[in-house]
Every structure is written in C-alpha cells, then in structure tokens.
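Participant: Show me the folded form of this:
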Amino acid sequence: MQQYLRLKADHPDILLFYRMGDFYELFFEDAEKAARLLDITLTQRGASAGQPIKMAGVPFHALEPYLAKLVKLGESVAICEQIGDPATSKGPVERQVMRIVTPGTLTDSALLDEKSDNILLAINADRSMVGLAWVTLASGELRVSEIAPQILASELQRIGPAEILVADSSPLVDELKGFTLTRLPIWSFDAEAGKKKLLDQLGAASLAGYGCEDLQPAIGACGALLDYARKTQGQALAHVASVSAERAGEYVRMDAATRRNLEITETLRGEPSPTLFSLMDGCASGMGSRLLRHWLHHPLRDRTLVGARHEAVAALASAATEVHGVLRRLSDVERIASRVALKNARPRDLSSLRDSLALL
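Facilitator: Have a look, this model is predicted:
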C-alpha cells in the first residue's frame, strides 16, 4: 500500500482511481465515498496500521459512466495508470496519475453535453474590481474581463461555469454557494506571475495586442486558471492560442433576475425546456447549438457587428438545404481538435475528423 498512500498524499482532497489489472480500485475513505455515490460494493481485504483496508472498484472498460456520475455530483477524480510492465517489474508495478478529471476541465465527449460549453472560471477580487478569466478546454477558447462586485451574480449566470477557482481567503466565497468551488492559495492569483504564465501560453512578448494588458485582477485570475488547467491535463494546453478581453459595452447587460425571467436556457423551475433556446435550436450540429446558446446569452450592442451577423445568416439561409445537409453529417470537429491537441484523442476521433474534413 505504500505506493498508493504516496500517490494519495499528492491528491488528498479528491478521489483516486488506482489501476490494478482490469479494475480501478479505491481504498479507505475514497472507497466508502465512492460506494455511497456510485452504488457499488464496498469490501475489505487485509489490514493497514491495524485497520481493515476498505475497497471498492469499477472495471476499467466501464470507467466513463462512473466518471460522468461523479462529475455531475461535483466530484473530482485523479486517474492513476500502470506505466510499468508487470512482467519485468520487480516489486509493485510503477504507476502514475495521468490526468485529473474535474467538473470544469472535461474534454471527453462521453462526459460533455453536446449543446452547451463546459466552462472553468477563475475569480480574483481586489479592492474595487473583480477579475474573471474563463476557458472552455473542449474548444480552447480563453476569455477575461473585469466587473464591479455588485454585478458578479448576473455575470455568473451569463457565463454558467461548471467549476469556479477562488482564493482560499477570498471574501467572495459566501457569494458562490451553489457552484462547484475549488479553493487555491492566494499566491496562485498573483498578477505578475499570471502575466508571465499568460505570455508563455500565447507565445507573445506583450499583451498589448490582446486588449487586456490593463486588466490586472483578471490577469491574476488567468494565471491561476492556466496553471490549474495544465495540472489537470498533465501537459501544456497547445490549443489555447489566444485570449479575448470582454469590455462593458460589448454586450447587453442583464441582471440575474432579468436573465432568469426571460428563460433563455432554463425555465423558472430550472428545467432545460421549454425555453427560448430549446424553441430556437434547430441547429444541425452540437457546434451550432453551442454558438446559438452563446449568442442568446451575449446579445451584441454594436450595430456594425449586428449587421455583419445578419448578413452572414442571410447568406447561409439562401443555401439552407445544402448547408444543413453537410453540417448534419459533420462530427464535432471543434472538440475533436481539442482532444488531438491534448493528446487524448481516440482512433474513433481521428477517423471522424478525417471523414468530416472530406465533407468540407
């Protein structure tokens, strides 16, 4: 058990799925928790420090449904794989945590809703402003903004994060009840360190061209966000190649009550339909549905941009039958490309990407 205990010590606050042959096993408190949440059998074998070793496990080939259930419950999971060869290993087979699955860092299609983005958000507050940074790892889109503290609730409804990163000493923690929170040390949100991490991510010498060089709290949040995302994926985020800064006048602002009463994507009872989105969503692909959802939550204020969007829609409408026929045969190229960049694409992803590109 020494190897397990050493790995568990590095991930004390999340469930550790420990690969043993054809199963992922959980031990001690993790086993008790998993047995309760997943309705799997809790057993015990041997002893450690004079106490029975409690165990629970799931077959390796059935991992994804169990992960999906845990993530929906707001749990995070470290996946530990065997990287050594059992035939040549002397003593325990070498194992290593290869990835960490959290509610806001999902990229696997089996764990995602095809019609909505899965967003990881970091919040960093200073004396007068709140800096926000959020990323959709399944697409590589990274955004930052700064807002007044009093509109935080409405912004959270607009963005809809699956997981929020916040400093462990932040005064905002009480305002974030109802969200899945991950608390990080306050130094994770340092603006200078965040700027360096963001420049390294973008491969840039300056943030001037991205319009966010003056957003210090947001840059601090971005540093914490990128660091956390890299650690969960176990590698660099090669597909996150740009950052967009949202400004106050870019979109029509709606307070939380207005957004809720309009039932844009959720009814007053918290159901997905009937809503404005569910009634309008005739999109042929998940990519289109996600874009429509984004547009509904981000109504433009700039008349030039609105006009350009109308012209684009009109051009597509003039060839609607042909375009729809092609789009409905496409796989989710956006998410497949992200999995390729993160080096966790499967053979099925690559064949789907090949077939989709052949249609274009």
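
Participant: show me where the stretch 151-300 of the chain has helices.
Facilitator: Using DSSP state H, counting those that start in this stretch, the helices assigned to the stretch 151-300 of the chain run over residues 152-159, 191-202, 216-233, 256-261, 276-280, 286-297.

Participant: which of the ones you listed is buried the deepest?
Facilitator: Comparing the helices of the stretch 151-300 of the chain by mean neighbour count (mean count of other CB atoms under 10 Å), helix 216-233 comes out on top with a mean of 24. Any C-beta I mention is one placed from the backbone N, CA and C, and that applies to glycine too.

Participant: Can you say which of the helices of the stretch 151-300 of the chain is nearest to His61?
Facilitator: The closest of these to His61 is helix 216-233. By CB to CB, the value is 22.7 Å.

Participant: Could you list every helix and strand that that closest one packs against?
Facilitator: Under the contact criterion of 3 or more CB pairs under 8 Å, 6 or more residues apart in numbering; DSSP states H and E, helix 216-233 touches strand 95-101, strand 120-125, strand 130-136, strand 141-147, strand 163-167, strand 181-184, helix 191-202.

Participant: Report the inter-axis angle for the last one versus strand 120-125.
Facilitator: The reference is to helix 191-202. Between helix 191-202 and strand 120-125, the angle comes out at 150 degrees (axes from the mean of the first three to the mean of the last three CA atoms, to 10 degrees).

Participant: Please apply the same query to the fourth one.
Facilitator: Taking the same axes, to 10 degrees, one finds strand 141-147 and strand 120-125 inclined to each other by 20 degrees.

Participant: now the third one
Facilitator: Taking the same axes, to 10 degrees, one finds that strand 130-136 is oriented at 170 degrees with respect to strand 120-125.

Participant: residues in contact with strand 130-136?
Facilitator: In this structure, residues lying in contact with strand 130-136 by CB atoms under 8 Å, 6 or more residues apart in numbering are 117-125, 141-149, 152, 155, 159, 161, 172, 215-222, 224-226, 229, 240.

Participant: before we move on, the earlier item: looking at the helices and strands packed on helix 216-233, which is buried most?
Facilitator: Each of the helices and strands packed on helix 216-233 was scored by mean neighbour count; the highest is strand 120-125, a mean of 27, by mean count of other CB under 10 Å.

Participant: contacts for it?
Facilitator: By CB under 8 Å, 6+ apart, the surrounding residues in contact with strand 120-125 are 102, 104-105, 130-137, 149, 152, 156, 159, 161-167, 170-172, 176, 189, 217-218, 220-222, 224-225, 228-229.

Participant: quick one, domains of this structure?
Facilitator: 2-101, 120-245, 256-359 (automatic domain parsing).

Participant: so can I have TSV of those showing mean pLDDT and distance to Ala110?
Facilitator: Shown next, in TSV, are those (pLDDT from 0 to 100; distance: least, CB to CB, whole Å):
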stretch	mean pLDDT	distance to Ala110
domain 2-101	90	4
domain 120-245	94	12
domain 256-359	93	10
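
Participant: closest one to Ser109 among the ones you listed?
Facilitator: That would be domain 256-359 among those, by CB to CB, at 6.2 Å.

Participant: How far does that closest one stretch from one end to the other?
Facilitator: Distance across domain 256-359, first residue to last, is 42 Å (CA to CA, to the nearest Å).

Participant: Same check on stretch 245-264?
Facilitator: Here the two ends of stretch 245-264 are set 24 Å apart, with distance taken as CA to CA.

Participant: Now do the buried residues in it.
Facilitator: If you call a residue buried by 16 or more other CB atoms under 10 Å, then stretch 245-264 has these buried ones: 245-246, 253-254, 259-260, 263-264.

Participant: follow-up on the earlier one: out of the domains of the chain, which gets nearest to Asp113?
Facilitator: Closest to Asp113 of the domains of the chain is domain 256-359 (CB to CB; 8.5 Å).

Participant: how distant is the closest one from the center of its chain?
Facilitator: Remark: domain 256-359 is offset 18 Å from the chain centroid, using CA atoms, centre = their mean, to the nearest Å.

Participant: Kindly report the same for stretch 166-185.
Facilitator: Centre-to-centre, stretch 166-185 and its host chain are 17 Å apart (CA atoms, centre = their mean).

Participant: Which residues outside that stretch are in contact with it?
Facilitator: 74, 76, 102-104, 122-125, 130, 149, 152-153, 156, 161-165, 186, 188-189, 224, 228.

Participant: buried stuff in that stretch?
Facilitator: Judged by neighbour count using 16+ other CB under 10 Å, the buried positions of stretch 166-185 are 166-167, 170, 172, 175-176, 179-182, 184.

Participant: between those residues, which is closest to Arg269?
Facilitator: The nearest member of these to Arg269, counting by CB to CB, is Phe179 at 19.5 Å.

Participant: Phi first, then psi, for the closest one.
Facilitator: Here is the backbone geometry of Phe179 (degrees, to the nearest 10): phi -100, psi 160.

Participant: Can you list the strands that the strand ranked longest in the chain pairs with?
Facilitator: Ranked by number of residues, the top strand in the chain under DSSP state E is strand 51-59. If you go by DSSP bridges, strand 51-59 pairs up with strand 23-27 (antiparallel), strand 43-48 (antiparallel).

Participant: how about whatever helix or strand comes next after it: buried residues?
Facilitator: On the C-terminal side of strand 51-59, the closest following helix or strand by DSSP states H and E is helix 63-72. By 16+ other CB under 10 Å, the buried positions in helix 63-72 come out as 63, 66-68, 70-71.

Participant: For Val93, state which of those is nearest.
Facilitator: Nearest to Val93 among the buried residues of helix 63-72, counting by CB to CB, is Leu63 at 18.5 Å.
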